[in-house]
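K.L.:
Sequence plus the predicted model coming up.
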Amino acid sequence: MLNISPNSIISRLDTSKYSVFSQAELPPANRMFRNWLVGTFTILLLLLLTPWTQNVQMKGKLTTLQPDQRPQTIHSTIAGRIEKWYVREGQLIKRGDTIVYLSEIKADYFDPQLVDRAGLQLEAKEGAVESYARKVGALEDQLQAMEQELAFKQSQLKNKIRQSELKVESEKAAVEQARVNYDIAIYQYNRTDTLFQKGIKSLSDLEGKRIKMQSTKAKLIATENKLLESQNELEITKLTFNTLANEYAAKMAKTESDKFSTLSNRFDAEGSVNKLRNTYENYARRSSFYYITAPQDCYVTKALKPGIGETLKEGEALVSIMPANYELAVELFIRPMDLPLLNIGEEVRFIFDGWPAIVFNGWPNMSFGTFSGDIVAVDQMTSENGLYRLLVGPNDIEKPWPKALRVGSGAEGIALLKRVPLWYELWRQLNGFPPEFTESMDTDSPKMKAPIKSVK
């Protein structure tokens, strides 16, 4: 029976009574293989249709988020010799704690009283500057006194010139009066002499007139002499007035020369003071460098110059430390071709060395033992290994990173990208195509139109 009619009677028959039906059916093993094959292809088809998260895998190591939280070395600022260690390796120390004490090895700084003696030199030089300042003040007062004295003497000489001029005028009036008296006396003498010749006047009257004429003549000569003396005195006073300004100008010029010379010495002394002050501060600061202290709370990891009596050069590393308070981050390196796929703020999942994990790259929700972080920085140039460096910080939303992690441990990062079907990811991998971008195109940007071809 072909059993192709819609009116089948196979359900009404007892097929167990007929051997032909048992010979026409498939064996159980063949049926099992058929079912397994159909189920396998069904499962594979379903798997190919399941979503797959594209990702980029990177390797790196643990570091710190802030530069000042990373391991560092403490250097000696000055050249010296190790005298005493105050810490041991692995010890936790606080900021400002003394690590090691150094002694001086340069001959210029062997004097234990070097700072005090430099301070005494500085005080002496500052005293010299103060003395020069006082001398300058005294010279300025002297100049001011000279100016006042010059004005006072000029005022005196002006008054004396005025008095001399008045005296000359008075003497001129006296000379005129004496000349008039002398002319009168001559006239009286001549008239008396005429009368004496006529016998009207006596000889005694004539002699009296002669004596009077001689007397007025003497007075005239004396008055003229006084006039000449007054005129000479006036000229001398004027000459003194004219030379007084030049005399005091020379004195004031000399005083100003002394003043500027003192100022020059003062400026030289001030320069020496500044130099000595600089030297004093350098000595004082250098003495503070004998004790090497911790710049922050940290652990002493390794003594690079462990011996007592070993000498150090300026700037030579002395001890390496690890800050006690730090925020972990992961330093990853990515190929240049994968760099455009990642942006700051995107999620990256980690597998830390020493922490077991079961990872399904395409199904991060099914992974176990991975931790999450966000990209916080991307270098603008490649590193020495030819890869770009990423800095990834912890993600506060996800579970926290293990507290036992240490700086320098290895880590493997998986950057999650766009979700695509599994068949597409297999096709992309087989063809070597790059992953898809996670960011969408900007729809607000203006669309570029194709150029219109020119019609020939």
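P.N.:
Right, received. Where do you want to start? This structure is a prediction, so every number in the text was calculated from the model and none was measured.

K.L.:
wait, is A404 part of a helix?
P.N.:
No. Counting by DSSP: H, G, I helix; E, B strand; the rest coil, A404 is located in no helix; its state is coil.

K.L.:
So what's the residue count around it?
P.N.:
9 (other Cβ atoms under 10 Å). C-beta: built from backbone N, CA, C; applies to glycine.

K.L.:
for K302, same thing?
P.N.:
K302 has 14 nearby residues by other Cβ under 10 Å.

K.L.:
so it is in which element?
P.N.:
According to DSSP states H and E, K302 maps onto strand 298-303.

K.L.:
Could you list every helix and strand in contact with the strand or helix carrying L430?
P.N.:
Assigned by DSSP H and E, L430 belongs to helix 422-431. The helices and strands touching helix 422-431, judged by 3 or more Cβ pairs under 8 Å, 6 or more residues apart in numbering; DSSP states H and E, are helix 28-49, strand 51-64.

K.L.:
mind checking which of those is nearest S257?
P.N.:
Distance to S257, taken as Cβ to Cβ, is lowest for strand 51-64 among the helices and strands packed on helix 422-431, at 68.6 Å.

K.L.:
Distance from the closest one to the middle of the chain?
P.N.:
Here strand 51-64 is found 40 Å from its chain centre; the criterion is Cα atoms, centre = their mean, to the nearest Å.

K.L.:
and that strand, what's its mean pLDDT?
P.N.:
Mean pLDDT, strand 51-64: 81.

K.L.:
Most tightly packed of the helices and strands packed on helix 422-431?
P.N.:
strand 51-64 (a mean of 18; mean count of other Cβ atoms under 10 Å).

K.L.:
Can you give me the distance of P306 to L92?
P.N.:
Note on P306: its distance to L92, by Cβ to Cβ, to the nearest Å, is 19 Å.

K.L.:
And for A173?
P.N.:
Relative to L92, and taking Cβ to Cβ, A173 is found at 115 Å.

K.L.:
Could you check how many residues crowd around K158?
P.N.:
12.

K.L.:
what's near enough to touch it?
P.N.:
Taking Cβ atoms under 8 Å, 6 or more residues apart in numbering, we find K158 in contact with F241.

K.L.:
from now on call the first residue 55
P.N.:
Renumbered: residue one is now 55, and that last one reads K212.

K.L.:
In which helix or strand does it reside?
P.N.:
helix 168-252.

K.L.:
And V154, by the same measure?
P.N.:
Here V154, judged by DSSP H and E, is contained in strand 152-158.

K.L.:
buried set for that strand?
P.N.:
Buried residues in strand 152-158, counted by 16 or more other Cβ atoms under 10 Å: 153-154, 156, 158.

K.L.:
and K273, how far is that from K308?
P.N.:
On the measure of Cβ to Cβ, K273 and K308 end up 51 Å apart.

K.L.:
Looking at the two, which is more packed in?
P.N.:
Counted by other Cβ under 10 Å, K273 and K308 do not tie: K273 has more neighbours, with 18 against 10.

K.L.:
so the more buried one makes contact with N235?
P.N.:
Yes. Using Cβ atoms under 8 Å, K273 is in contact with N235, at 6.9 Å.

K.L.:
So what's the residue count around E364?
P.N.:
For E364, using other Cβ under 10 Å, the count is 11.

K.L.:
List the residue ranges of the stretch 105-254 of the chain that fall below the pLDDT cut-off.
P.N.:
Along the stretch 105-254 of the chain, segments meeting pLDDT under 70 span 106-108.

K.L.:
Strands along the stretch 305-454 of the chain, start to end?
P.N.:
Ranges of strands in the stretch 305-454 of the chain, per DSSP state E, counting those that start in this stretch, are 345-347, 352-357, 365-366, 371-377, 382-388, 401-406, 425-432, 442-448.

K.L.:
out of these, deepest packed?
P.N.:
Highest mean neighbour count among these (mean count of other Cβ under 10 Å): strand 382-388, a mean of 23.

K.L.:
and the angle from that one to strand 105-118?
P.N.:
Between strand 382-388 and strand 105-118, the angle comes out at 120 degrees (axes from the mean of the first three to the mean of the last three Cα atoms, to 10 degrees).

K.L.:
between strand 382-388 and strand 442-448, how big is the angle?
P.N.:
Using the same axes, to 10 degrees: strand 382-388 against strand 442-448 is 150 degrees.

K.L.:
Return the set of buried residues in stretch 261-273.
P.N.:
Quick answer for stretch 261-273 (16+ other Cβ under 10 Å): 263, 266-267, 270-271, 273.

K.L.:
now do stretch 310-328
P.N.:
312-313, 316, 319-320, 323-324, 326-327.

K.L.:
Just want the angle from the strand holding K356 to strand 152-158.
P.N.:
50 degrees.

K.L.:
can you list contacts of strand 352-357?
P.N.:
Outside strand 352-357, the residues that reach it (Cβ under 8 Å, 6+ apart) are 125, 139, 141-147, 153, 372-378.

K.L.:
these two touch, right, F164 and S157?
P.N.:
No. Using Cβ under 8 Å, F164 is not in contact with S157; the gap is 9.9 Å.

K.L.:
just to revisit the earlier point, in its sheet, what does the strand holding K356 sit against?
P.N.:
Looking at strand 352-357 with DSSP bridges, its partner strands are strand 146-147 (antiparallel), strand 371-377 (antiparallel).

K.L.:
I'd like the mean pLDDT over stretch 259-274, please.
P.N.:
For stretch 259-274, the mean per-residue pLDDT is 84.

K.L.:
residues in contact with it?
P.N.:
Contacts for stretch 259-274 (Cβ under 8 Å, 6+ apart): 229, 232-233, 235-236, 238-240, 242-243, 246-247, 249-250.

K.L.:
Weed out the non-buried ones from those.
P.N.:
Buried among the contacts of stretch 259-274 by 16+ other Cβ under 10 Å: 229, 232-233, 235-236, 239, 242-243, 246, 250.
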